[in-house]
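S.K.: My questions are about this predicted structure, shown below with the sequence.
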Amino acid sequence: MDDAPAPILRMRGICKEFPGVRALGDVDFRLLPGEVHALMGENGAGKSTLIKVLTGVHAVDGGEITLDGSPVSFTGPLAAQQAGISTVYQEVNLCPNLSVAENILIGREPRRLGRIRWKEVRRRAAELLARLELDIDVSAPLSSCSLAVQQMVAIARAVDVSARVLILDEPTSSLDAGEVEQLFRVMRRLKAEGIAILFVSHFLDQIYEIADRMTILRDGRLVGEYLTSELGQVELVGKMIGKELKDLETLENAPKDIAAAERSRPFAEARALGRPGSVEPFTLTIHEGEVVGLAGLLGSGRTEVARLLFGADHATTGELSVGGAPVTLRTPRAATNHGIAFCSENRRAEGLIPDLTVRENIILALQAARGWARPIPRRTQDELVDKYVNALKIRPADPDRPVKNLSGGNQQKVLLARWLIVEPKLLILDEPTRGIDVGAKAEIQRLVAELSDGGMAVLFISAELEEVLRLSHKVGVLRDRRLVAELPNDDDLTTGVLMETIASGGRA
Amino acid sequence: MNARERGPRVSAAAVIRHRLFWPAAVLVLLLLANVFFTPGFLSVELKDGHLYGSLIDIARFGAPLILVAIGMTLVIATGGIDLSVGSVVAISGALSCLWITGLEDQQSVTGVLTAVGVALGLALFLGLCNGVLVAGIGIQPIIATLILMVAGRGLAQLITDGQILTVNSAPYKLIGGGYWLTLPFGVLIVLAVLGITAFLTRRMALGLLIESVGGNAVASRLAGIRSRGLIVAVYAFCALCAGIAGLMISSNVSSADGNNAGLWIELDAILAVVIGGTSLAGGRFSLGGTVLGALVIQTLTTTIYSIGIPPETTLLFKALVVTAVCLLQSPAFREKALNRRRRRPQAAPASADPKVKVPA
């Protein structure tokens, strides 16, 4: 396929299973010296698992990893680091209270007679940063540096520990444009020195700017390895999502009465609502009985839009009116009082209370709205819980089981039930069908259609474009934390059009 | 009600797996040890219309600890901790005694009631301060309550002017040392507080909301729970419990000692909560478990005296027993201990730790 130099790292037939899930199946991956290689895939495609397997966080169940031609098996990140594979994660794993120099050399300080030679520490740190063309005061505490600089320090440390393979796992997600440019300069510099860089990012523009080659994963399987210059953005999105463009064009959409939805009263209207660092100001109207889909890749700002509308973060610019009256949502509680409900995509961290039972988790939002002094009578609880356990087919159908013992799909249904029993006027669903089986997925889609027919406004966020198209009256497209387009779901709108809008940012 | 009547038979394994099995077992064990050393230990007799006996004494002397531990349970369930309860015990005792010494007639019931009201009011206020520091300003609970733990002793000293205040008030003596309906009055207070707490948390929805906030604060916020007010209320309630305990302790000895009243009671209370099976990480809590835990600690103290362990080693003995209880309760430890016993006959496999050889 190419005349490239021999790969420094090669993974063959990698398999990894977690209880009940096949995270990776027969994945091949290689990394050449002096290249920036992007690992692409939708959320849950297996990118993180591959990195964790590579760095020894998880043991492989099958397949082999060779480094410089000899097979290796790492017992942990430290062993991987000693062999020359370092990782810099999205959240900086450094000590903010120590100085820059200390952070770079911690654990490897030059010593004399057991005493740390501070001068030497600072000199070496400064030298290393100079090599990366960075001008940073090495004696300043790390906490005084910007996030971007902290990221550079983490990279400097990783490079100093082992200068062969560098893994950057979403390093740019919290950086602004200038900082990203600075990071890319450092990456190009390291590339020129022959270091192989594995780069993960959800920003397509960045991938096309920096990566030489990319490997695409989908559902834990290898889709292929491509040169960045030979794969267009639309094809890339298609391969990540798993549908060729021409297949998508033929998918039929249920006809929607778009005009009717537009005619009904607007329930929530956001005008230039935004929050710096979270999502740029957007304008969006959701009518009663309307399903508004939000499409866009992960990290494009879909969740951030939802959080602003729910008051989970509060907007610093723009205004929001609910039911015709302007409101300021400072807390989720304020939003629930206005009849807004939000099912978070992150059900473990932001949705369920793991120790509480299914019943308790389901009645929680309703109970919170009623206050502690008006407990929901046990009989009403039983009726509500039974109704939704049956309607959503929550299994096992035992309301007194701790919710942490349920499977992911059933946990999702519990979360959905929690918000359905409060009978909201606007239901925000962030990835409600992720990780649940086909039957339940259809069930939830049917439910959404039913609810909107009953007059409920729904904001439906999903990475699956078909699903968004099937349910929505109109679709908002997000890219790089900006609402780039708002498309009515008429006969002309197909997943192909959506993908092109995502890929081009609405410019084409 | 026997097992058969309940339908599904309750197996021995289910009993052992019950959350409260181990603390209950330890309590029974401690009581049995006492019976062994003091044959008449379990007997309770009626004298002058009062119940007497070692069991009654355990309940009577344990009452302040149980009260403090009940308040502590709710604080811990929200994921917090309250170190200041010992100081609040001292402050409330000191303030009520000071008020009573200032009365023209120390036997006046109204005067004593006012003293009690003033002391509990101050305790409630101090608890509110704790709650605001934790929930309003966001200081870590251990630090926020440490402030009052240290400063509170000073405040108690200030109230008593560094002296031990003694009072001679029959109505006040009733709170911690008196009897009503043959039972020690303190025990009745505990039963009342326990009943009210159980009602508020289990019959009302307070318990669910507290467990939710302690179990996952982020998710609770997104579910629309106002956790701030809840946390402030819980700290205030905890201080109120400590305040009542302070009244009991000072009333029992008819004096207030700003220095030593309630000293280290916060640690005993935390211990009682932990023995009762409530996780220090917050979430699920068990009031019944806490009461059992407090009784275990009080029985242990009684046992130490009754079986004649030299006073200089009592703390060490107490520590050993408490360590044993906590280990017994930990499923992880039990499993480990059992596995080791099972595995020992076979040679332990050499730990698989292949060193990665990498060419330089």
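M.R.: Nice, thanks for sending it over.
S.K.: which parts of the stretch 401-508 of chain A sit against chain B?
M.R.: Contact residues (C-beta under 8 Å from any C-beta of the partner chain) of the stretch 401-508 of chain A with chain B: A:R418. Backbone N, C-alpha and C define where each C-beta goes, glycine included.
S.K.: what about the closest residue to chain B within the stretch 401-508 of chain A, helix or strand, and which?
M.R.: Going by C-beta to the nearest C-beta, chain B is nearest to A:R418 of the stretch 401-508 of chain A, at 7.0 Å. A:R418 belongs to helix A:408-420 when assigned by DSSP states H and E.
S.K.: could you point out which element follows that helix?
M.R.: With secondary structure assigned by DSSP H and E, helix A:408-420 is succeeded by strand A:426-430.
S.K.: so how far is that following strand from its chain's centroid?
M.R.: 18 Å (C-alpha atoms, centre = their mean, to the nearest Å).
S.K.: ok, now stretch A:100-116?
M.R.: Distance of stretch A:100-116 from the chain centroid (C-alpha atoms, centre = their mean) equals 37 Å.
S.K.: does A:P402 have beta-bridge partners, and which?
M.R.: A:T357 (DSSP bridges).
S.K.: What about the closest residue in space to B:L174 that isn't next to it in sequence, how many residues nearby?
M.R.: Sequence neighbours aside, B:F185 is the residue nearest to B:L174 in space, at 5.4 Å (criterion: C-beta to C-beta, 6 or more residues apart in numbering or on different chains). Number of residues near B:F185 (other C-beta atoms under 10 Å in any protein chain shown) recorded here: 20.
S.K.: For B:F185, list the residues it contacts.
M.R.: Counting by C-beta atoms under 8 Å, 6 or more residues apart in numbering or on different chains, B:F185 touches B:L174, B:I175, B:G176, B:G177, B:G178, B:Y179.
S.K.: Equivalent analysis for B:L222, please.
M.R.: A:F310, A:A312, A:P332, A:F342, A:S344, A:E350, A:G351.
S.K.: Would you confirm that the first one contacts A:L329?
M.R.: Just to be clear, that refers to A:F310. Yes: in terms of C-beta atoms under 8 Å, A:F310 counts as a neighbour of A:L329; the distance is 7.1 Å.
S.K.: give me the low-pLDDT residue ranges for the stretch 51-200 of chain A?
M.R.: A:90-92, A:162, A:173-174, A:176 (pLDDT under 70).
S.K.: which non-adjacent residue is nearest the residue in the stretch 1-150 of chain B that chain A sits nearest to?
M.R.: Going by C-beta to the nearest C-beta, chain A is nearest to B:A77 of the stretch 1-150 of chain B, at 10.6 Å. Setting aside the residues directly before and after it, B:A77 is nearest to B:F285 in space (C-beta to C-beta, 6+ apart), at 3.7 Å.
S.K.: Give me every residue in the stretch 1-150 of chain A lying close to chain B.
M.R.: A:L67, A:D68, A:S70, A:V72, A:S73, A:F74, A:T75, A:A79, A:Q82, A:A83, A:G84.
S.K.: what about B:S43, distance to B:L55?
M.R.: When distance is defined by C-beta to C-beta, to the nearest Å, B:S43 is 9 Å away from B:L55.
S.K.: Cheers, nothing more for now.
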